[in-house]
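Q: structural data only, the sequence is not supplied:
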Ligand SMILES: *Cc1c(COP(=O)(O)O)cnc(C)c1O
């Protein structure tokens, strides 16, 4: 029987080929939020190593142990980060994808210094300018990039977005790609279970897939 992991991997390869892109340029982030270690181990056993979690508490409860069992895990924070949880986030995660405001950038820079640890950052852009969504406003991106990269010297690798639901995500993915190109960022984290193939067609370098791998969440 074909596993969900194999299916998603195959879909990534064919979306990449359709777009004339090398499949190895696209990383799969397996979004394991709400899933217990027992549901995550089979995916680890199958060789998947990049995972995404959206809550600090939950990641702290699951991942230190899984990291002891499996080498080479790369953990991405894909949920909102409060400034008072930055120390824990820096200790737990390899990549913070939700850098979206100056106060948070300053806290990450300071705490990485104190902890003598570096954490790759993606800037999250509120690409649909939705009031309830996190992410930096597109109009504020240039100034924010200057702060993060040039002033605080954070290792910003790319941009991340969650497009508005209920409409075609492609124009938003393309907008994000153009912003990344303008700033010379290589990485684009965009696309989830419902639209990762579209995101790959639009230039995603990583896709964040939960439901299509693990099944529906409670
Ligand atoms: C939950 C989540 C995902 C995965 O969503 P699915 O639709 O289950 O694939 C991706 N990105 C973020 C930021 C999420 O919170």
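A: Received, thanks. As the structure is a prediction and not an experimental result, all values here were calculated from the model. Numbering: from 1, shown residues only.
Q: flag every residue of the protein that's near the ligand.
A: Counting by C-beta under 6 Å from any ligand atom, the positions of the chain adjacent to the ligand are 31, 33, 54, 78-79, 162, 192-194, 208-212. (Glycine included, C-beta is placed from N, CA and C.)
Q: if you set the cut-off to 8 Å instead, what comes out?
A: The chain has residues 29, 31, 33, 52, 54, 78-79, 97-98, 160, 162, 192-194, 196, 208-214, 217 near the ligand, with proximity defined as C-beta under 8 Å from any ligand atom.
Q: strands of this structure, start to end?
A: Remark: strands assigned in the chain by DSSP state E are 27-31, 50-53, 74-77, 95-99, 120-125, 156-161, 187-189, 206-209.
Q: bridging across strands, which residues link to the nearest residue to residue 27 once chain neighbours are set aside?
A: Leaving aside its chain neighbours, residue 27 sits nearest to residue 206 (4.3 Å; criterion: C-beta to C-beta, 6 or more residues apart in numbering). In this entry, residue 206 is beta-bridged to residue 27, residue 189, by DSSP bridges.
Q: surely residue 195 meets residue 172?
A: No: using C-beta atoms under 8 Å, residue 195 is not in contact with residue 172; the gap is 9.9 Å.
Q: tell me the pLDDT of residue 218.
A: For residue 218, the pLDDT comes out at 79.
Q: and residue 1, by the same measure?
A: Looking at residue 1, its pLDDT reads 67.
Q: number of residues surrounding residue 137?
A: 12 (other C-beta atoms under 10 Å).
Q: that one and residue 126 touch, don't they?
A: Yes: in this structure residue 137 lies within contact range of residue 126 using C-beta under 8 Å: 5.8 Å.
Q: intersection of neighbour lists for these two?
A: Residues touching both residue 137 and residue 126 by C-beta atoms under 8 Å, 6 or more residues apart in numbering: none at all.
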